[in-house]
Structure formats: structure tokens, C-alpha cells
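J.: this is the structure alone, sequence omitted:
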């Protein structure tokens, strides 16, 4: 395989690695958006199965009352519907996904840049050799 063909193949592989990194970063972004949705949006809870008039609940993060913390003892049906462990699990899963995504994106980008730099250096060497000859 000639060096140009090898270089193009190398850039192709680096581009695929970078694309995987972008994909994983998109997944991590969706996980962060889901976490924000769970924390910031109001929601409803059925007090009974097929409830015609579900209880209205404030968002978990922006509540002025104790709906996020009081629980069923105070007659609040909102407590168990959106629990903190679910939000923290989504947030916790986004950390390794984003770390791997950043590593793949960085690796692919640096590989492409180094390949372009090496090609530019070869061209400059050819030009310098032609000038000296």
C-alpha cells in the first residue's frame, strides 16, 4: 500500500472514531436533557388507577412547597412519582458516556490534524528538495 493510500485510510479511521465520539456526546446531551426535564417540569400523578382527575405536582427542583419532600404521610401523592434516585441515575450514566465521547472525539480530531500536518511537511520537503536541486 502506498503512503498516500495508507494516509487516506488512516484519516478515514480517525474520522469514524471522531464520529463515534460525537455520537456518544449526543447521547450524553440527551441524558442531561432528560435529567433537566425530570427536575424542571411539573407533572401529574394518578391517585388511583385510571384516575380522571390526577394530582398536579410542581417540578422537583423549583417547588415553593414541600411537594418534593413531604411524602404520602402528608397526603402528598407527588413524592413517589419522580424520585431523586432516578434523576441521579440518569446523571450518573451520562458521566462515563461523555468521558468516552470526549476521548474518542479528541483522539479522532488529533489524528486527523497530525495526518494533515505530516502531509504538509512532506509537501514542504518536496518543495525544498526541488529548490536545492
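T.: Yes, it's here. The structure presented is a predicted model; accordingly, all values stated were derived computationally and were not measured. Numbers count the residues shown, from 1 in each chain.
J.: what ranges does this structure have for its helices?
T.: Secondary structure of the chain (DSSP state H): helices located at 3-40, 84-132.
J.: and the spatially closest residue to residue 87 that is not a sequence neighbour, what does it touch?
T.: In space, and not counting its chain neighbours, residue 87 is closest to residue 38: 5.0 Å by CB to CB, 6 or more residues apart in numbering. C-beta coordinates here come from the backbone N, C-alpha and C atoms, glycine included. By CB atoms under 8 Å, 6 or more residues apart in numbering, the residues touching residue 38 are 60, 82, 86, 87, 90.
J.: mind listing what the fourth one touches?
T.: The neighbours of residue 87, taking CB under 8 Å, 6+ apart as the test, are 35, 38, 39, 60.
J.: so what pLDDT did it get?
T.: If you check residue 87, the pLDDT there is 82.
J.: ok, back up a step: and which of the contacts of residue 38 is nearest to residue 14?
T.: Of all the contacts of residue 38, residue 90 has the smallest distance to residue 14: 31.1 Å, by CB to CB.
J.: chain neighbours aside, what residue packs nearest to the closest one?
T.: Once flanking residues are discounted, residue 90 sits nearest to residue 35: 4.8 Å by CB to CB, 6+ apart.
J.: from residue 91, how far off is the one you found?
T.: Distance, residue 35 to residue 91, by CB to CB, to the nearest Å: 5 Å.
J.: between those two, which is the more surrounded one?
T.: residue 35 (19 against 16; other CB atoms under 10 Å).
J.: next one, pLDDT for that one please.
T.: The model's pLDDT for residue 35 equals 89.
J.: and it, what does it touch?
T.: With CB under 8 Å, 6+ apart, residue 35 has these contacts: 87, 90, 91, 94.
J.: can you lay out the residues you listed as CSV showing distance to residue 114?
T.: Below are these laid out as CSV (distance: CB to CB, whole Å):
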residue, distance to residue 114
87, 41
90, 36
91, 35
94, 30
